[in-house]
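Peer 1: sequence? don't have it. structure:
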Ligand code: G3P
Ligand code: MG
């Protein structure tokens with residue numbers, strides 16, 4: 001079974017070209033034609049913020065934990081090239097229906113606020129088929145599914161033992177998101193036999209892009225959406241997952 005051309009998912013926007021998880025990164029992913037973008041969310045001081053790490057040192061000029069900050073103070077930090085740490089709301093505004101969005105629930109306690117925000121966005125014309133919510137955190141993802149059963153969810157897996165565990169629970173998910181070393185023809189067959197997409201992260205090397213495309217995966221998370229389009233025959237088009 002095939003689900004159509006390879007899906008190009010801009011990782012943290014277009015993290016290889018612009019500061020990851022910033023609005024500049026989202027704009028770059030749009031410019032490069034990514035079908036959708038993946039971003040990481042945490043809940044800080046009552047706001048959904050988009051950043052990968054709980055600590056600030058790697059990607060900002062701040063230090064310490066995001067949870068030690070008030071939202072207003074977090075927003076004064078430089079997340080690279082003078083970009084602010086964005087909110088999830090701003091990500092939706094910047095996308096403006098031009099690409100799908102994969103929200104990764106990175107922080108604890110994000111399921112409920114993300115569900116609320118999605119409800120709001122759906123009431124403002126967003127198509128539910130252009131939103132996919134994922135997490136490594138099973139409890140957070142299950143909570144989200146309880147709140148928004150109609151929104152697609154993807155299970156993130158980065159180790160062989162975790163993969164074994166999740167295979168038996170695959171039925172509740174739209175997609176399985178695995179690290180490149182876990183991708184195999186057998187796993188693709190297993191997922192496809194159950195009607196599930198298999199997406200692979202984070203794939204930047206041209207040889208890996210070609211290898212995984214030939215293997216038959218459904219989509220790639222990449223910091224360089226331009227490479228995926230240059231190397232594969234996938235057509236730049238947007239708003240997939242439908
Ligand atoms: O969602 C795919 C990928 O982003 C998962 O790993 O650490 O980059 O969030 P990470
Ligand atoms: Mg992520």
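Peer 2: Okay, I see it. Bear in mind the structure is a predicted one, so any value in this text is a computation, not a measurement. Ligands and ions are numbered 1, 2, ... in the order given.

Peer 1: going forward, measure contacts between C-alpha atoms and count neighbours the same way
Peer 2: Will do.

Peer 1: Next one: the residue nearest the centre of the chain, what pLDDT does it get?
Peer 2: Geometric centre of the chain, nearest residue: residue 38, 2.6 Å, by CA atoms, centre = their mean. What the model reports for residue 38 is a pLDDT of 98.

Peer 1: Tell me who's in contact with the closest residue to it other than its chain neighbours.
Peer 2: The spatial neighbour of residue 38 that comes closest, neighbours along the chain excluded (CA to CA, 6 or more residues apart in numbering), is residue 102 at 4.5 Å. The neighbours of residue 102, taking CA atoms under 8 Å, 6 or more residues apart in numbering as the test, are 36-39, 131-134.

Peer 1: got CSV for those, with distance to residue 110 too?
Peer 2: As requested, the contacts of residue 102 are exported to CSV (distance: CA to CA, whole Å):
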residue, distance to residue 110
36, 21
37, 18
38, 16
39, 13
131, 16
132, 14
133, 11
134, 11
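
Peer 1: Mark which of the residues you listed are buried, thanks.
Peer 2: 36-39, 131-134 (16 or more other CA atoms under 10 Å).

Peer 1: now the helix of greatest length in the chain, how far from the chain's geometric center?
Peer 2: Using DSSP state H, we find that the single longest helix of the chain is helix 111-123. Relative to the chain's own centre, helix 111-123 is displaced by 16 Å; criterion: CA atoms, centre = their mean, to the nearest Å.

Peer 1: And the contacts of that helix?
Peer 2: Contacts of helix 111-123 (CA under 8 Å, 6+ apart): 48, 89, 105, 128, 140-141, 143-144, 147-148.

Peer 1: Give the next helix or strand downstream of the helix or strand bottoming out on mean pLDDT in the chain.
Peer 2: Across the helices and strands of the chain, mean confidence by mean pLDDT, DSSP states H and E is lowest for helix 160-167: a mean of 91. Remark: after helix 160-167, the chain's next helix or strand is strand 175-179, criterion DSSP states H and E.

Peer 1: For that following strand, list every residue counted as buried.
Peer 2: 175-179.

Peer 1: What strands flank it, and is each parallel or antiparallel?
Peer 2: Paired neighbours of strand 175-179 in the sheet (DSSP bridges): strand 152-157 (parallel), strand 197-201 (parallel).

Peer 1: Could you dump the ones you listed into TSV and include mean neighbour count and mean pLDDT?
Peer 2: Formatted as TSV, the strands paired with strand 175-179 follow (neighbours: other CA atoms under 10 Å; pLDDT from 0 to 100):
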stretch	mean neighbour count	mean pLDDT
strand 152-157	24	97
strand 197-201	24	97
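
Peer 1: Adding distance to residue 210 as columns, could you present the ones you listed in TSV?
Peer 2: Below are the strands paired with strand 175-179 laid out as TSV (distance: least, CA to CA, whole Å):
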stretch	distance to residue 210
strand 152-157	22
strand 197-201	13
